[in-house]
Each structure stands twice: as C-alpha cells, then as structure tokens.
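Participant: Kindly generate the corresponding structure for this input.
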Amino acid sequence: MARTGAGARSGPDGPLGGVRVVELAGIGPGPFAAMLLADLGADVVRVDRPGGPGLGVDPRFDITNRNKRSVLVDLKTEAGREAVLELAARADVFLEGYRPGVAERLGVGPEAALARNPRLVYGRMTGWGQDGPLAATAGHDIGYIAVTGALGLTGPPDGPPYAPANLLGDYAGGSLYLVVGVLAALHHARAVGAGQVVDAAIVDGTAHLTAMLHAMTAAGGWQDRRGVNLLDGGAPFYGTYETADGGYMAVGALETRFYAEFARLLGIENIENVENTADARTDMARWGELRTAVAARFRQRTRAEWTEVFAGTDACVAPVLSLREAPQHPHLAARGTFAAPGGLVQPAPAPRFSATPGTLRRPPAQPGADTAEVARDWDVPGLHQLQKGPHDEA
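Facilitator: Next up is the predicted model:
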C-alpha cells in the first residue's frame, strides 16, 4: 500500500523523502511538476512508453527528468495496465497529462487507480481542464494564456503581444498549480485517510495568477489595454532599455527613493528639455518625454558599463542576460542558483530548506533503465515480464 500517514518520513534527500510518485510520461508541464516533486525528495517513477513521448529531445539532456527513475511500459497491453495499477497501489501520488478520457480508456484512470489505493492523490494536468467546451481539443501554452487575458498583457501598445516562451502557462499556471494541489491533497489524505483527484488546468492556474490585476482594474488602477500601466512597460521607470552595444537593461525603480537613486546614477536629474524629472515620474502625461530621455541616456554606454554603474545600489536596475549568461551572474553564482553535474548546466532545486534540502541525486532518467530496480524497490515483480512492443501515442 502507499506509504502515507505516520509511517512516511522526510529523508535526507528533501522534505518529500518517503513520498512515492508515479508519473505517466508526457511533455511540458507534467514532467516539470514531477521534477519539482523529485527535487524535493520524492521517489518519482516515470512510466515511459515504447517510442517515447514525442518531444524529440535526447533523454540525456532532458533536465525535467532528473532525480527520477524510469520503467518502460506499454499501457495498451493488459500486462502493462496491471503493472501501472500495481505501482499506483504502492504510491502516494499519481500524475498524468493526457487529454480527458484517455487515461480511462487505457484502464488507468482515477476510478481504477483509487480502487487499488483509496489514499491515492491522482493529479491530472491539462490545458483546458477535465470539462468545458474545449476540454477535448488540442492546445498549447500560447492559446491557454491568450484566453485568460495573460497574453494580452505582454508587448508594446502599438504592436502585437509576444509569447513569453512557455513559462507563464505551462509552468507557472500549470506545473506549479498541479504541485500545490497535489501537496494539499496529500496533506488531506494523510489527515483523513482518503485520496482524491486534482484537476489542474492551465487556464485555471493562469487566470488565478491575474488576481491582483483584476483587483487593480476594478479599483480603477489598471487600464484594460497593454503598455500603458505601471507594470506592463507603460511606466518609463519599469521596463527595458537598449544600451550602446545592443544589450538591454531592466529598470524597476517603482518606489520614490529607488527612483531617486536610479535618476541620480543614470544622470537624468537635470537634463535638457525635461524639466523636473521627479515630477515627470508622477505625471502620466509626461511619461513619453521621460521615457525618451531615459532611453537616450542608456544608449550612451554599454550593458557592461551600466551594470557596473548600478551594481550594489538600490536603483533596481539589472542587465538582461541570456540563458547561457545567467549562470555566470555573480549573485547567482554565489548562491549556487545553477549547477552543472556531469557538465549539464541546469537550475538547482528550489526553494531551499534549512533541514531537508533538495538535491540533484540522479541525472535525467533514461527510458526503461530502472525497471529492475523499481520492480524490486516497489515490489512489483510483474514489471520484469513486460515485453516491448509497438505503441501509438494516446
């Protein structure tokens, strides 16, 4: 049975040590959520399908599969279904990211899994959710954040919205809400002895992220159009500016005293054609002229030069770094925000814990490489008998 209740204890590998998780392989937010649980110490077994999930990334470099173990199972066979249900019977958490109804058709849906293990937390990761007019349709991050109003917050007022990779929908509105839901349901299961289904929809999570902006809109402090507000690039003291060498600096000098420091170091306290820049900061009608002045100053020096000017100050200015540059930032390097086990650069586990820190215990799991080990540790001998065979994507 699942190791829930008083018998489960956090271990040396993180606060979730002793928690067992079954992850049905997929792409995007599901694997990332499972990685986060694994980083925090959970024993995550990823059930890979013959032929792979379709992402096309060499498994050796798929960081979202770190700290996990993998078994190879064909869910379209009776033996495969039985093996997965046996894993579910011994797990605390079960994660899947199929379209609604697919897990049921494969015989590993919530009803079947909870019948084997009434304490199980069954987490479901989708874009549209388990119900609603669009539930059965395909989609991706950009579409989910589009209908929630989040995508419409990005971009300049005179241009199109821009896609913020898949960070806002898949991971912020999806993965993190799935993890929060699973941990809350796990707490409930241990308190009352009953599991449940967690329906984590990216549209729900992303909409939830906009709570403060809805409040500001209702109060009249936010205009329902982009590029004209305090936090969407409308304010000249909250945005990005190009430097002499084509780099960019990010400015977030919102508070009065931080803005004063910013203006002093940038050298715009007294400049030609802009009278009293402190007053211009609070006068939206003058934001255009202030932005022009700030942009002109930033173009006079390189990104490295401006970084040195603002280093260690309260001006709230930082260089805009690329993914490859970020690990070398002095602050991130000092904190160990990134790690490079085996030469593979990746973010370190987060958040941090004083007593049970997360660790990088295993490199990205290779499909099926841990079948024998998992069969032994989880006492599911049927995994040994499984035969590889053709498998179409669900």
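
Participant: Please name the nearest non-neighbouring residue to Leu360.
Facilitator: Pro341 (5.3 Å; CB to CB, 6 or more residues apart in numbering). For every residue, glycine as well, the C-beta is placed using N, CA and C.

Participant: Was I right to think that neighbour contacts Arg361?
Facilitator: No. Counting by CB atoms under 8 Å, Pro341 stays clear of Arg361, with 9.7 Å between them.

Participant: Looking at these two, which has the bigger crowd around it?
Facilitator: Each of Pro341 and Arg361 has its neighbours counted (other CB atoms under 10 Å); Arg361 has more, 16 against 13.

Participant: Could you report the distance from the more buried one to Asp39?
Facilitator: Look at Arg361 and Asp39: by CB to CB, to the nearest Å, they are 9 Å apart.

Participant: any shared contact partners between the two?
Facilitator: Asn67 (CB atoms under 8 Å, 6 or more residues apart in numbering).

Participant: Need the CA coordinates for stretch 370-387. CSV is fine.
Facilitator: Taking Å, rounded to 0.1, in the frame of the first residue of the first chain, the C-alpha atoms of stretch 370-387 are listed here in CSV:
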residue,chain,number,x,y,z
ASP,A,370,15.5,1.5,-13.9
THR,A,371,12.8,-1.2,-14.5
ALA,A,372,14.6,-3.9,-12.5
GLU,A,373,15.4,-1.6,-9.6
VAL,A,374,11.9,-0.2,-9.4
ALA,A,375,10.4,-3.7,-9.6
ARG,A,376,12.5,-4.7,-6.6
ASP,A,377,12.1,-1.5,-4.5
TRP,A,378,8.4,-1.1,-5.1
ASP,A,379,7.7,-4.9,-5.0
VAL,A,380,6.1,-5.1,-8.5
PRO,A,381,7.6,-8.2,-10.0
GLY,A,382,5.3,-8.0,-13.0
LEU,A,383,7.5,-5.2,-14.4
HIS,A,384,10.1,-7.8,-15.2
GLN,A,385,7.7,-9.7,-17.5
LEU,A,386,6.7,-6.8,-19.7
GLN,A,387,7.5,-7.1,-23.3
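
Participant: That one: which residues count as buried?
Facilitator: Judged by neighbour count (16 or more other CB atoms under 10 Å), stretch 370-387 contains these buried residues: 370-371, 374-375, 378, 380, 382-383, 386.

Participant: Kindly report the same for stretch 355-373.
Facilitator: Residues of stretch 355-373 classed as buried under the neighbour-count rule (16+ other CB under 10 Å) are 356-365, 367-368, 370-371.

Participant: Kindly report the same for stretch 308-322.
Facilitator: Those would be 310, 315-319, 321, for stretch 308-322 by 16+ other CB under 10 Å.
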